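**Q** Quick check, what structure comes out for this input:
(one chain, ligands or ions: 2)
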Amino acid sequence: MLITIKFPTNLFLVITIFILFSCQNEEEIVFENEEIISALPTDIISPSDNPYSEAKFELGQSLFWDPILSGMKDISCATCHHPDFGYGDGRSLSSGINGEGIGPNRIRGTVIKRNAPTIINTAFNGIDVNGNYTPSSAPMFWDNRASGLEEQALLPILDHDEMRGPNIAAEDILDTIVNRLSTIPAYVTMFSIAFGDEMINEDRLSKALATFQRNIVANNSRFDQYANGNVNALSNAEIRGMNTFIDVGCANCHSGPMMSDYQLHTLSVPENPLIEDDGATGNFDFRTPTLRNLNFTAPYMHNGAFNNLRDVLRFYADLSRGNGESQNQNVALNQIARDARNLRLGNGEAEEIIVFLNTLNDENFDKTIPNEVPSGLSVGGNID
Ligand code: HEC
Ligand code: HEC
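**A** Ligands and ions are numbered 1, 2, ... in the order given. Below you'll find the predicted structure:
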């Protein structure tokens, strides 16, 4: 100690300085940003007309993996939402009917115009910065066109390219599927345990699929641990990255526990050469995606335009540099969201942000692959 303490005033000063310093140190380690980004809830809310039960989850899991839900019995939900690919499919654009294999190696399948998002944490889609969400109206898809996992679940089955195929009309496919399920004794038993009687219908089909998906969560990333009070869960570099993420303006859209405002924005992501996509309202606008578990779900954006996070950050830097420049010839500069053009992003910031994004991964999600499905068809469809 350099200061010799002769006078009480000096002592007072030293103590004051000490207190000031210790407060500052504390400020560095206390999580201050919970009004912008925060931990995911530890419990999951279900809609009041579709409460959770283990029987419903198990039925939903079987249905999710069973190609019996597709017109030609060749493709299942899990073909495009597979645990090996973080419940996406690891492809730029998804691959539908008539295909063979899985992930980037899948061949011949009909090209779907969008990238398959993960189903992990879709329980929390629409969650706001205060942690509130309504499961029955949770926004689904890159354009938010479906509300809730229950409504979403039947849409891939109805879609010609994803699951229905050419042989069965859209107005007949759900009846066909229900009839098929009703002739399989194991399903009759499972439906009756899950719903109280043997009736099988579209409503119950969607409820079981939704219950399964709602309970595939990964809500204990190191960021969650930190935000819940474990100050040692993140390193200083990761905390710096988090603050940079907020300071440069990413969190103006990537906010709340999912790091998404669930709003539509126009960014000018380059078109995929295979297919043009003008977005939700024809304005090349897409929903802000979650930034959780990015480690498992490359490539990124609605059309898989970028293979890695560095390319995503380079895109944002090009967009915001100077007065910004559109990265998509269909999109005029003044169509692009102001928050995206006004990012304060250089190379140093980009590296720091990537360090932070890596704290949002939680490896610990349910990766169960059933040994068999009740139809006896191949598990997951034509994927081996
Ligand atoms: C051929 C591949 C494919 C199949 C099969 C498929 N999906 Fe998807 N899934 C996608 C694609 C692509 C999207 C994004 C579509 C869009 O945004 O327009 C998507 C979106 C979703 C979403 C929305 C996630 C979010 O955060 O918005 C859910 C949930 C989902 N699928 C569940 C299912 C279920 C349940 C099944 C089976 C009944 C299924 N999918 C079958 C490719 C597929
Ligand atoms: C104006 C709102 C907005 C701002 C600001 C913004 N984003 Fe995004 N982000 C989006 C939207 C919308 C998409 C999807 C765009 C698309 O697919 O066409 C997206 C996509 C992404 C993706 C791809 C995720 C995936 O699963 O495909 C990453 C990563 C990302 N943003 C990170 C960032 C980072 C880091 C920043 C700050 C440098 C940032 N974003 C700033 C709205 C925004």
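
**Q** tell me which parts of this structure are close to ligand 2?
**A** With the criterion set to Cβ under 6 Å from any ligand atom, the chain comes near ligand 2 through 248-250, 252-254, 265, 267, 269, 286, 288-289, 291, 294, 297, 300-302, 309, 312-313, 316, 337, 339-340, 343, 345, 353. C-betas here are computed from N, CA, C, even on glycine.

**Q** Among the residues you listed, name the ones in helices.
**A** 248, 309, 312-313, 316, 339-340, 353 (DSSP state H).

**Q** Could you spell out which stretches of this protein belong to which domain?
**A** Using automatic domain parsing, the domains assigned to the chain come out as 54-214, 222-360.

**Q** Name the stretch among the ones you listed that sits most buried.
**A** Most buried of the domains of the chain by mean neighbour count (mean count of other Cβ atoms under 10 Å) is domain 54-214; its value is a mean of 20.

**Q** Output the below-cut-off pLDDT ranges for the stretch 151-300 of the chain.
**A** Within the stretch 151-300 of the chain, not a single segment meets pLDDT under 70.

**Q** closest one to residue 377 among the domains of the chain?
**A** Comparing the domains of the chain against residue 377 with Cβ to Cβ, the closest turns out to be domain 54-214 (5.0 Å).

**Q** What is the end-to-end distance of stretch 151-167?
**A** As for stretch 151-167, its first-to-last residue distance stands at 24 Å under the measure Cα to Cα, to the nearest Å.

**Q** so residue 79 touches residue 380, yeah?
**A** Yes - with contact defined as Cβ atoms under 8 Å, residue 79 reaches residue 380; the gap is 6.0 Å.

**Q** Between those two, which contacts overlap?
**A** Between them, residue 79 and residue 380 share these contacting residues under Cβ atoms under 8 Å, 6 or more residues apart in numbering: 67, 102.

**Q** Would you map the strands across the protein?
**A** 139-140, 146-147, 264-266, 285-287 (DSSP state E).

**Q** out of those, nearest to residue 177?
**A** Using Cβ to Cβ, the strands of the chain put strand 146-147 closest to residue 177, at 18.3 Å.

**Q** Distance to residue 41 added to the strands of the chain, as a markdown table?
**A** Below are the strands of the chain laid out as a markdown table (distance: least, Cβ to Cβ, whole Å):
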| stretch | distance to residue 41 |
| --- | --- |
| strand 139-140 | 17 |
| strand 146-147 | 20 |
| strand 264-266 | 25 |
| strand 285-287 | 21 |
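
**Q** Could you point out which of those strands sits nearest ligand 1?
**A** Comparing the strands of the chain by their distance to ligand 1 (Cβ to the nearest ligand atom), the top pick is strand 139-140, with 4.1 Å.

**Q** Name the strands paired with that closest one and say parallel or antiparallel.
**A** Each strand paired with strand 139-140, and its direction, by DSSP bridges: strand 146-147 (antiparallel).

**Q** Could you see whether ligand 1 lies near the strand it pairs with?
**A** No - Strand 146-147 is not in contact with ligand 1 by Cβ under 6 Å from any ligand atom; minimum separation 7.4 Å.

**Q** Can you tell me what sits against that strand?
**A** 136-140, 152, 155.

**Q** at 6 Å what do you get?
**A** Under the contact criterion Cβ atoms under 6 Å, 6 or more residues apart in numbering, strand 146-147 has outside partners 137, 140, 152.

**Q** how far out from the middle of the chain is it?
**A** 15 Å (Cα atoms, centre = their mean, to the nearest Å).

**Q** ditto for stretch 54-62
**A** 21 Å.

**Q** likewise stretch 195-203?
**A** Mean C-alpha position of stretch 195-203 versus that of the full chain (Cα atoms, centre = their mean) differs by 30 Å.

**Q** now do stretch 318-333
**A** The answer for stretch 318-333 is 26 Å, by Cα atoms, centre = their mean.

**Q** Where does the stretch 151-300 of the chain get nearest to ligand 1, residue-wise?
**A** Of all residues in the stretch 151-300 of the chain, residue 156 sits closest to ligand 1, at 3.5 Å by Cβ to the nearest ligand atom.

**Q** Quick check: that residue vs residue 146, distance?
**A** Separation of residue 156 from residue 146 (Cβ to Cβ, to the nearest Å): 10 Å.

**Q** same thing with residue 61?
**A** Distance from residue 61 to residue 146, by Cβ to Cβ: 21 Å.

**Q** Please apply the same query to residue 341.
**A** Taking Cβ to Cβ, one finds residue 341 at 30 Å from residue 146.

**Q** ok now do residue 290, which residues does it touch?
**A** 258-260.

**Q** can we see that at 10 Å?
**A** Contact analysis of residue 290 by Cβ atoms under 10 Å, 6 or more residues apart in numbering lists 117-118, 120-122, 124-125, 127, 254, 256-260, 262, 297, 360.

**Q** can you pull the contacts of the closest residue to residue 213 other than its chain neighbours?
**A** Closest residue in space to residue 213, ignoring its immediate chain neighbours: residue 119 at 4.9 Å, by Cβ to Cβ, 6 or more residues apart in numbering. Taking Cβ under 10 Å, 6+ apart, we find residue 119 in contact with 64, 77-78, 80-81, 83, 86-88, 125, 140, 149, 152, 212-214, 216-217.

**Q** Many thanks, have a good one.
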